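> Sequence and predicted structure are below.
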Amino acid sequence: MTGAAVLTVVIVLVPLVAIFGYVVYRGVGAINWAFLTQTPKPVGEAGGGMANAIVGSALILGIASLVGVPFGIGAGIYLAEFGRNRLGSVIRFTSDVLSGVPSIVIGIVAWSILVRGRGFSALAGGLALAIMMVPTITRTTEEMLLLVPQALREAAYGLGVSRWRTTLSIVLRTATSGVITGVMLAFARIAGETAPLLFTALGNTFWNLRYNQPTAALPLQIYVYANSPYDDWHRQAWAGSLVLIVLIVTAVAAVRYAVRRGSFGTA
Amino acid sequence: MPGPQPVAAAKVSANAVQSKPLLQTAGGEGADRVFKSAITACGLAVLGVLVLIVYELVSSSRLTWHAFGFKFFAGTDWNPVSEQFGALPFIFGTLVSSLLALVIAVPLSVGVAVFTTEMCPKAMRGPLSFFVELLAAIPSVIYGLWAIFVLVPILSGYVQPFLAKTLGWTGLFEGPPYGIGMLAAGVVLAIMIIPIISSISREVLMVVPQHQREGVLALGATRWEMIRVGVLRNARAGIVGGIILGLGRALGETIAVTMVIGNRPEIAKSLFAPGYTMASVLANEFSEATGDVYLSALVEIGLALFLVTIIVNALAQLLVWTVTRGQPARGNV
């Protein structure tokens, strides 16, 4: 039976190695300076790149983090410090429910609130992704704050420190690296999301840096290019995938590093 | 935890010495009240977002609900031009592709979890779970891209002809082996949910008390009997919870499935045939939907998908919770 268990591990690791290996193999062959610095060429013309999509992704992820991180941490603090009551349980349950909502459904809701009548925008895409970040950050923040020993809070109160100051500069500060772990996990989760951007950010073949205009994003561009019939676009889809995977694996590895350093101690 | 505590305390006291106005905060009640309101507002915002999602889905799908009622979910005809909307082919596609994924993923995930907790040398445990969790970090669009160019050719060239020859008599593996279709969607979904199921199973197996294992071994059981009787039986509810959490993820998965399932709204017995899921019809048709009824029909599919995943996830959380007693399940790590 040990053999059977080893076999399952091998079967699971094969696609993992195959996907990573293939993305690196095709991506390294396809990536070049033009890919990183140019915008897409018109259909049928070879060359061009995804520079605008890389920048667009940064814009959208920036908006998402700007909104999602403070709200997620705030809600986590509420659950840990004030959430030992019925409202706390309701919010805790809501947050778990929210993390299970399919991303495409969040895309529809974001469309119906932010896009209908106003037009596609980076802001709508960023807010849709922010909603997806919040539950992960909230739950990790709560868990990490609860790990901070009660004695620390009492010591602070004993010195006459006010509650908000205790929470922010002592409890939150002690749990910093754990909270950062949650933020990075949430970031890794949304960085590759395509579905919520389909009807919010929409995509764009030109440069755009304005928050209220349709904006290109790396996952969207990969999706469009993968479904196209052109070899050159397939090549660029692989290059885009490599850039995206490097981004995400870096984030995950940073998380592992932070976790290994322990949940305590300031990062 | 006794180890790190003194360090943290030392840091805090250093902190306390540095910041001057610590003892002058007697008038800090006002600031405290502001802080508490701001923090409570963040918490309430989480609740507000969920309420907003439900409200928007319900109000934007009202049109179809009035026009078709429950028949919407039983109809098989999806024809936007003549404004005939029946969602059954999509529900069928979502269910079949997800169940197929479970059939493939469950034995593999449980096997990996058992291996990492019970058999594998300590030094390998960390890297192995790291690699399996990396699978969860790959974006679904990259799974889709890989599936189109690598998995689908393998399926159509080798796997499907083999299945047709050996199991063709069941009727599940008939028709031309295009590669693209329900089978491809099921396999991709399986690869995507293995990390979730195996990481939760691992967590659950790790909380099974050590004396359970020792007790069974002391009775003369072999290692395999110990795992089956002492470990798996104790962790059953939690593993089922992990499986259902994986199901929830499979039901809502959009992009990778859309890229390989073939996107044809029909109900076919053969797994080689193309299909369509609730999530992928939204991805494909939502931005091109013309007309209020069409749009509202799509939103209603979104609402149905939302409700199903909520129920599935709540059930899973409950099951995992009964085993780990309050330590939250990390499905999305």
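It's in. Residues are numbered from 1 along each chain as shown, chains lettered A, B, ... in the order given.
> Number of residues surrounding A:Gly126?
27 (other Cβ atoms under 10 Å in any protein chain shown). Every residue, glycine included, has its C-beta placed from N, CA and C.
> Remind me what the helix or strand harbouring it packs against, helices and strands.
Assigned by DSSP states H and E, A:Gly126 falls within helix A:122-147. Using 3 or more Cβ pairs under 8 Å, 6 or more residues apart in numbering or on different chains; DSSP states H and E, the elements in contact with helix A:122-147 are helix A:51-77, helix A:86-100, helix A:103-110, helix A:176-191, helix B:29-60.
> Tell me the buried residues in it?
Buried residues in helix A:122-147, counted by 16 or more other Cβ atoms under 10 Å in any protein chain shown: A:122-145.
> what does stretch A:28-37 give?
So for stretch A:28-37, counting by 16+ other Cβ under 10 Å, buried means A:Ala30, A:Ile31, A:Phe35.
> Skipping adjacent residues, who's closest to B:Trp146 in space?
Taking Cβ to Cβ, 6 or more residues apart in numbering or on different chains as the measure, B:Trp146 lies nearest to A:Ile19, with 5.0 Å between them; neighbours along the chain are not counted.
> packing partners for whichever strand or helix holds the one you found?
Under the criterion of DSSP H and E, A:Ile19 resides in helix A:2-30. Identification of packing neighbours for helix A:2-30 by 3+ Cβ pairs under 8 Å, 6+ apart yields helix A:231-260, helix B:88-114, helix B:122-137, helix B:140-146, helix B:182-206.
> and if we set it to 6 Å?
Counting by 3 or more Cβ pairs under 6 Å, 6 or more residues apart in numbering or on different chains; DSSP states H and E, the packing neighbours recorded for helix A:2-30 are helix A:231-260, helix B:88-114.
> So what's the model's average confidence on that helix?
For helix A:2-30, the per-residue pLDDT values average out at 90.
> How far does that helix sit from its chain's centre?
Helix A:2-30 has its C-alpha centroid displaced from the chain centroid by 24 Å (Cα atoms, centre = their mean, to the nearest Å).
> Pull out the buried positions in it.
Across helix A:2-30, burial judged by 16+ other Cβ under 10 Å covers A:5, A:8-9, A:12, A:15-16, A:19-20, A:22-23, A:26-27, A:30.
> from those residues, which single one is nearest chain B?
The shortest approach to chain B among those belongs to A:Thr8, at 2.8 Å (Cβ to the nearest Cβ).
> quick one, what contacts that closest one?
Shown in contact with A:Thr8 (Cβ atoms under 6 Å, 6 or more residues apart in numbering or on different chains): B:Leu108, B:Gly111, B:Val112.
> out of the residues you listed, who has the most neighbours?
When the contacts of A:Thr8 are compared by neighbour count (other Cβ under 10 Å), B:Val112 ends up highest, at 29 neighbours.
> rewinding a little: now the buried residues of stretch A:28-37 in JSON lines, please, with extra columns for distance to B:Tyr158.
Rendered in JSON lines, the data for the buried residues of stretch A:28-37 read as follows (distance: Cβ to Cβ, whole Å):
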{"residue": "A:Ala30", "distance to B:Tyr158": "27"}
{"residue": "A:Ile31", "distance to B:Tyr158": "31"}
{"residue": "A:Phe35", "distance to B:Tyr158": "33"}
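> ok, of those, which one's closest to B:Leu145?
Ranked by distance to B:Leu145 (Cβ to Cβ), these are led by A:Ala30 at 12.0 Å.
> re the thing from before, tilt between the helix holding A:Gly126 and helix A:103-110?
Between helix A:122-147 and helix A:103-110, the angle comes out at 120 degrees (axes from the mean of the first three to the mean of the last three Cα atoms, to 10 degrees).
> For chain A, what's the nearest residue on chain B?
Taking Cβ to the nearest Cβ as the measure, the point where chain B comes nearest chain A is B:Pro139, at 2.3 Å.
> hang on, isn't that residue packed against A:Gly192?
Yes: in this structure, B:Pro139 is within contact of A:Gly192 by Cβ atoms under 6 Å, at 2.3 Å.
> intersection of neighbour lists for those two?
Counting by Cβ under 6 Å, 6+ apart, the common neighbours of B:Pro139 and A:Gly192 are A:Pro219.
> of the two, who's got more company?
Between B:Pro139 and A:Gly192, B:Pro139 has the larger neighbour count (other Cβ under 10 Å), namely 26 against 23.
> residues contacting the more buried one?
Listed by Cβ under 6 Å, 6+ apart, the contact partners of B:Pro139 are A:Gly192, A:Pro219.
> in the chain, what spans have low per-residue confidence?
Since you didn't name a chain, this refers to chain A. Low-confidence segments of chain A, defined by pLDDT under 70, span residues A:256, A:259-267.
> Oops, wrong one, chain B.
Across chain B, the stretches falling below the confidence threshold (pLDDT under 70) are B:1-28, B:324-333.
> centroid residue for it?
Residue closest to the average C-alpha location in chain B (Cα atoms, centre = their mean): B:Arg249, at 1.9 Å.
> where's that residue, which helix or strand?
B:Arg249 is part of helix B:233-252, with elements assigned from DSSP H and E.
> Is that helix in proximity to chain A?
Yes: for helix B:233-252 and chain A, the contact criterion (Cβ under 6 Å from any Cβ of the partner chain) is met by B:Gly248, B:Gly252.
> so after that helix, what's the next helix or strand?
Moving toward the C-terminus from helix B:233-252, the first helix or strand encountered (DSSP H and E) is helix B:255-260.
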